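>>> compute the structure for the input listed below.
(one chain, ligands or ions: 2)
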Amino acid sequence: MVTHTLGFAVRRTRPAPHQLSADPLANPRLESGDVIHDFHTHSFLSDGVLSPTELIRRAAVAGYSTIAVTDHAGPGNIEFVLDQLRRDCATASQHWPIVALPGVEITHVPPATIRELARRARRAGAAVVAVHGETVTEPVEPGTNRAAIDCDDVDLLCHPGLLTLEEALRAAARGCFLEVSGRKGHNFANGHVVRTALAAGARLVLNSDGHAPEDLLSERFCGLVLRGAALPESEIQTVLQENAKALRERAQRVWLPATV
Ligand SMILES: [Zn+2]
Ligand SMILES: [Zn+2]
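Numbers count the residues shown, from 1 in each chain. Ligands and ions are numbered 1, 2, ... in the order given. Have a look, this model is predicted:
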């Protein structure tokens, strides 16, 4: 077992039952001052309560290393949202110790339109293009998961609900990240998402889907959500750090604040 400076113990083998804490809240490995990455949040440019800048500021103070602001978007508002987020994220990233990334969450659109909308989002400066997946709590049109995964401009499929193994295999092959959701309701299917993604070799990230200050992630909450979804101990570090950093590097390759 190796304990990283990031604080999470990485196990290469399945832990013996006696090694698991009965109370995850009491687990000291979740209290170590690790950095937090979150690629799915909302400001008042859609249905969040904070301005983009206040959201980023609060995230920086809460210990975030990375935040993507990914307001809900559809055919009518992609450019409107990104024009503001690009400028707010650039200013915040230049003055505060946080990487703030402009993005969108393409939400409740016909699957046949996702490819063109994602292309528009990228052209408008989105560093993170996310799609609101087939959560079990809303009538998202079937076929949304598949359309998102098959689109080159989509980085992240959020709360994909009861995604199929075939979809997860395609996500793995195409490099589309799948989300474990910190949001009540969307997280009902987290266990299924984790099991299916691991079976397929698809990369998972944990996001808050935060709409208000109290939704921002903490290390403790990350550990609870991932363990609650039965993610093996050996994968916690991978999801919270390695996968998140890979997604952040991808985003930074397509978005240069200096060009704003
Ligand atoms: Zn969503
Ligand atoms: Zn969302």
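>>> contact residues of the chain facing ligand 1?
Taking C-beta under 5 Å from the ion as the measure of proximity, the chain contacts ligand 1 at 132, 158. Placement of C-beta: from N, CA and C, glycine included.
>>> so which bits of the chain are right by ligand 2?
So far as C-beta under 5 Å from the ion goes, the chain lies against ligand 2 at 105, 209.
>>> so where do the strands sit in the chain?
2-3, 9-10, 36-41, 64-73, 99-106, 128-132, 156-158, 177-181, 204-207 (DSSP state E).
>>> could I get those as CSV with mean neighbour count?
Listed next are these as CSV, based on neighbours: other C-beta atoms under 10 Å:
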stretch, mean neighbour count
strand 2-3, 10
strand 9-10, 18
strand 36-41, 26
strand 64-73, 27
strand 99-106, 28
strand 128-132, 28
strand 156-158, 28
strand 177-181, 26
strand 204-207, 25
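>>> quick one, which of the ones you listed is nearest to R87?
Closest of the strands of the chain to R87 is strand 99-106, at 8.5 Å (criterion: C-beta to C-beta).
>>> and the pLDDT at the nearest residue in space to F188 that is not next to it in sequence?
Nearest residue to F188, sequence neighbours excluded (C-beta to C-beta, 6 or more residues apart in numbering): V136, at 5.3 Å. What the model reports as pLDDT for V136 is 98.
>>> ok, now R146?
On pLDDT, R146 comes in at 98.
>>> and it, how far is that from V140?
Counting by C-beta to C-beta, to the nearest Å, the gap from R146 to V140 is 12 Å.
>>> for this structure, which spans come out with low pLDDT?
1-34, 256-260 (pLDDT under 70).
>>> in it, which residue sits nearest ligand 1?
Per C-beta to the ion, H132 is where the chain lies closest to ligand 1, at 3.6 Å.
>>> who's in contact with that residue?
Under the criterion of C-beta atoms under 8 Å, 6 or more residues apart in numbering, the contact list for H132 reads 72, 105-108, 140, 144, 158-159.
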